[in-house]
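1. Fold the following for me, if possible:
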Amino acid sequence: MRIVSALVCFALLSAGCARHAITASSVRGHMEFLASDAMNGRGSATRDEWIAATYIGSQLRRWGVEPLGDDGGYVQAVALARVQISAPPVLSAEHLRFTHAKEMIVQGITALRLSGPLQKFQAGAAVATGAIVLLPEGSGAEAAATMNAAAVLTIENAQSRSRWDVQGARPLSLPARIVALASQAAGPSRPTRITLDRGAYAAIAALADGTAVSLDATGSETMSRTWNAVGRLQGRDAARSQEAILLSAHLDHLGSSGTGADPIFNGADDDASGSAAVLELAEALAKGKRPKRTIIFAWFGSEEAGGYGARYFVERPPVPLDRIVANLEFEMIGRPDHAVAAHTLWLTGYERSNLGPELARRGARIVADPHPDQNFFERSDNITLARKGVVAQTVSSYGLHTDYHQPSDDLGHLDLPHMTDSIASMLRPVRWLANGPFHPAWLPGKRP
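-> Sure thing, here's the model as predicted:
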C-alpha cells in the first residue's frame, strides 16, 4: 500500500480536529466487503442488498451517527409490489415477430401490452403520443424528444451486443409500486426501450410509417423489499441545524445473473465505490467537530431497478425537502476518467447550478461532466431529488469503461489511489458547505 498522498494529508489538516484518515487501506476495507463475491452482486431488492445496508448501518453505529431507519436502526425496509414477466415479450408488426433475448432486448418495460403506430424519428419533428419510435443508427439518447412515445426502438451496437446474453437472461418486470406510498408519482413516465439486432432493425425500418406495432408479455404480481440505510449528524448551530446536506450513493447492483464462468456482478465501481466514499466522509465528519448544518447520509436500494429507494426517501424525507440545501450523490468513482486530469472527479449538471464551481474553489477535485451526450445527470438517484427542487448532482469519474454492468467490474479493476485522493479532496469542501451560509441554486432555466 502506498504512502498517503499529500492531498489526503492536506484534507486532514484542513479538517481541523478530524480524527479519521481517509487512506487507501480504509477505502479498500469497505470495498473488500461490499464488492466481494460473498455479497453475490448486491442485487436490487434481495437479501444481499439487505446485508449491504446492514453492514453500512453497523459502521454508522460505531461512529455515533444517529439512526434514521426502522425501529431505532439505520435500515429502512421498502415494500414493493411488481408484475414479474413470466415469458419473453414478443414484438409484432405485420408478418414480423421478434422475441426478447433472441432478435431483441427489452429494457424498462412499462406495460404487459402496448401498441402504436410506427414513427421513424426525424430531428426537429414532433413525436406522436403513443407512437413506436424507430431511432436512426448513431443517434443520441433523444430522451426529451421521445418522452411521449410508447416505445423507442434502437439498433444494437458493440456495447449492447457484448451484454446481449446477460441482459436476455435477466428477469424482466414492470415498474414496481411502493406499497407504503399512496401516491406513486415519480417524475415523468418513460417509454419502453427495445434494442433490435441488425436483422430485426432492418425489417422494421422497411415498414411504412404508421404501421401498427405491438409488444406483448405475460406476468403476475410478486412482493419484495428493497433496503435503504440512513443516518444523521445533527448540526450544532441552533438555527443552521434546521438545514441539511445530503450525501448519498446507491448500495445495490445487478446480482449474479451472469451466464459465463463468473456469474457475479460485483459492482465494485458501480456503486460500491460511491458507497465507500459516503462511508469515508461519514466517518471523518462524525469523528471531527460537529458541523453547524445537519448532515444526512443515505444509501439507496434498487437504483438499478428503477430508483425505488430514492423515491421512498423523497416521499418520506427525514427533514422537509426545502430544508435540504444540497445533495451530492457519489456514483462510480473507482476508476479515473482519462477525459479529465488525473485524480479528478466530475459533477453531473455542472452547468446547471452554482454548486460545482463553489466546491471546486474550496479544493474539490471536480470539473464539468465531459460526457454530456450520455445524459448522466438523469441517470442516478440525484434526479429524483432534483425534480423536487433540491440542488442534487452526482460526483463521478466514470470513463465509459467496458466493465460497466459486467462481472469484470470487480476489485481488481479499481484504482484505489485515485479513489482515496478523490474522496479526500471532497472532505474540506463538504465541511465548508456544512458550516457556511452558502445556499446552492439552480441557474436560470436549468432546474430539471
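2. Touching, Ser44 and Trp227? I think so.
-> No - taking contacts as C-beta atoms under 8 Å, Ser44 lies outside contact range of Trp227: 9.6 Å. All C-beta atoms are positioned from the backbone trio N, CA, C, and that covers glycine.
3. Comparing these two, which residue is more hemmed in?
-> Taking other C-beta atoms under 10 Å, Ser44 and Trp227 do not tie; Trp227 has more neighbours (31 against 27).
4. The more buried one is in contact with Asp48, isn't it?
-> No - contact criterion C-beta under 8 Å: Trp227 and Asp48 do not qualify, at 9.8 Å.
5. Quick test: name the residue nearest the centre of this structure.
-> Residue closest to the average C-alpha location in the chain (C-alpha atoms, centre = their mean): Ser380, at 3.2 Å.
6. Angles on the backbone of that residue, please.
-> With angles defined as degrees, to the nearest 10, Ser380 shows backbone torsions of phi -140, psi 170.
7. Chain neighbours aside, what residue packs nearest to it?
-> If the residues on either side of it in the chain are set aside, Ser380 comes closest to Thr394, at 4.5 Å by C-beta to C-beta, 6 or more residues apart in numbering.
8. which SS class is the one you found?
-> Look at Thr394: counting by DSSP: H, G, I helix; E, B strand; the rest coil, its state is strand.
9. Now do the same contact list for it.
-> Contact analysis of Thr394 by C-beta atoms under 8 Å, 6 or more residues apart in numbering lists Leu328, Glu329, Phe330, Glu331, Leu347, Thr348, Gly349, Phe376, Phe377, Ser380, Asn382.
10. Let me see the confidence value for it.
-> Per-residue confidence (pLDDT) for Thr394: 98.
11. and it, bridged to which residues?
-> Glu329 (DSSP bridges).
12. In this structure, spot the strand with the most residues.
-> Longest strand in the chain, counting residues (DSSP state E): strand 219-233.
13. could I get the helix with the most length in the chain in CSV with only the CA atoms?
-> Across the chain, the longest stretch assigned as helix under DSSP state H is helix 416-435. Output of helix 416-435 as CSV, limited to C-alpha atoms (Å, rounded to 0.1, in the frame of the first residue of the first chain):
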residue,chain,number,x,y,z
LEU,A,416,-7.5,2.8,-5.1
PRO,A,417,-5.1,5.7,-5.1
HIS,A,418,-7.4,7.6,-7.4
MET,A,419,-10.4,6.8,-5.2
THR,A,420,-8.6,7.8,-2.0
ASP,A,421,-7.3,11.1,-3.3
SER,A,422,-10.7,11.9,-4.9
ILE,A,423,-12.7,11.2,-1.7
ALA,A,424,-10.2,13.2,0.5
SER,A,425,-10.5,16.1,-1.9
MET,A,426,-14.2,16.3,-1.1
LEU,A,427,-13.9,16.5,2.7
ARG,A,428,-12.8,20.1,3.2
PRO,A,429,-15.4,21.4,0.6
VAL,A,430,-18.2,19.4,2.3
ARG,A,431,-17.2,20.8,5.7
TRP,A,432,-17.3,24.3,4.2
LEU,A,433,-20.8,23.7,2.8
ALA,A,434,-21.9,22.2,6.1
ASN,A,435,-20.6,25.2,8.1
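14. Direction-wise, compare that helix with strand 219-233 and give the angle.
-> 70 degrees (axes from the mean of the first three to the mean of the last three C-alpha atoms, to 10 degrees).
15. mean confidence score for helix 416-435?
-> Here the average pLDDT along helix 416-435 is 96.
16. could you give the angle of it to strand 392-396?
-> Between the axes of helix 416-435 and strand 392-396, defined by the same axes, to 10 degrees, the angle is 160 degrees.
17. still on that earlier bit, among the contacts of Thr394, which one sits closest to Lys289?
-> Closest approach between the contacts of Thr394 and Lys289, by C-beta to C-beta: Leu328, at 20.1 Å.
18. Next, Asn40: phi, psi?
-> phi 60, psi 30.
19. and stretch 129-137, how far out from the chain's middle?
-> Stretch 129-137 has its C-alpha centroid displaced from the chain centroid by 26 Å (C-alpha atoms, centre = their mean, to the nearest Å).
20. Give me the buried positions along it.
-> Neighbour-count burial for stretch 129-137, counted by 16 or more other C-beta atoms under 10 Å, picks out Ala131, Ile132, Val133, Leu134, Leu135.
21. How is this protein partitioned into domains?
-> The chain breaks down by automatic domain parsing into domains covering 6-80+224-435, 87-217.
22. and the first one, how far out from the chain's middle?
-> What it means is domain 6-80+224-435. For domain 6-80+224-435, the distance to the chain centre is 10 Å (C-alpha atoms, centre = their mean).
23. Which stretches in the stretch 51-200 of the chain count as helices?
-> 158-162, 164-169, 198-205 (DSSP state H, counting those that start in this stretch).
24. Tell me which of the domains of the chain sits most buried.
-> domain 6-80+224-435 (a mean of 21; mean count of other C-beta atoms under 10 Å).
25. Before we move on, what's the pLDDT of the residue of the chain positioned farthest from its centre?
-> Going by C-alpha atoms, centre = their mean, the residue of the chain most distant from its centre is His95, 39.3 Å out. His95 carries a pLDDT value of 95.
26. For this structure, which residues score under the pLDDT cut-off?
-> 1-18, 140-144, 182-189, 258-259 (pLDDT under 70).
27. what's the closest non-adjacent residue to Pro171?
-> Gln84 (6.6 Å).
28. gap between the residue lying closest to Ser92 once chain neighbours are set aside and Leu96?
-> Of all residues not flanking Ser92 in the chain, Ser214 sits nearest, at 5.2 Å (C-beta to C-beta, 6+ apart). Computed as C-beta to C-beta, to the nearest Å, the Ser214 to Leu96 distance reads 11 Å.
29. With Gly334 instead?
-> 42 Å.
30. How about Ser241?
-> 62 Å.
31. got it, and Ser248?
-> Ser248 is 44 Å from Leu96, by C-beta to C-beta.
32. show me where the stretch 251-400 of the chain has strands.
-> In the stretch 251-400 of the chain, the strands defined using DSSP state E, counting those that start in this stretch lie at 294-300, 324-330, 345-347, 366-368, 392-396.
33. again with the stretch 101-250 of the chain
-> Under DSSP E, counting those that start in this stretch, the stretch 101-250 of the chain gives strands at 104-107, 113-120, 132-134, 151-155, 177-178, 192-196, 212-216, 219-233, 244-250.
34. of the ones you listed, which approaches Gln167 most closely?
-> strand 104-107 (4.9 Å).
35. Can you list the neighbours in contact with that closest one?
-> Counting by C-beta under 8 Å, 6+ apart, 89, 91, 98, 100, 160, 164, 167-168, 172, 192-197, 200, 215 sit against strand 104-107.
36. how about that strand as CSV, C-alpha atoms only?
-> Provided in CSV are the C-alpha atoms of strand 104-107 (Å, rounded to 0.1, in the frame of the first residue of the first chain):
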residue,chain,number,x,y,z
MET,A,104,-34.2,-8.0,-29.5
ILE,A,105,-33.6,-7.0,-25.9
VAL,A,106,-36.4,-5.3,-24.0
GLN,A,107,-35.4,-2.7,-21.4
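37. Many thanks, we can stop here.
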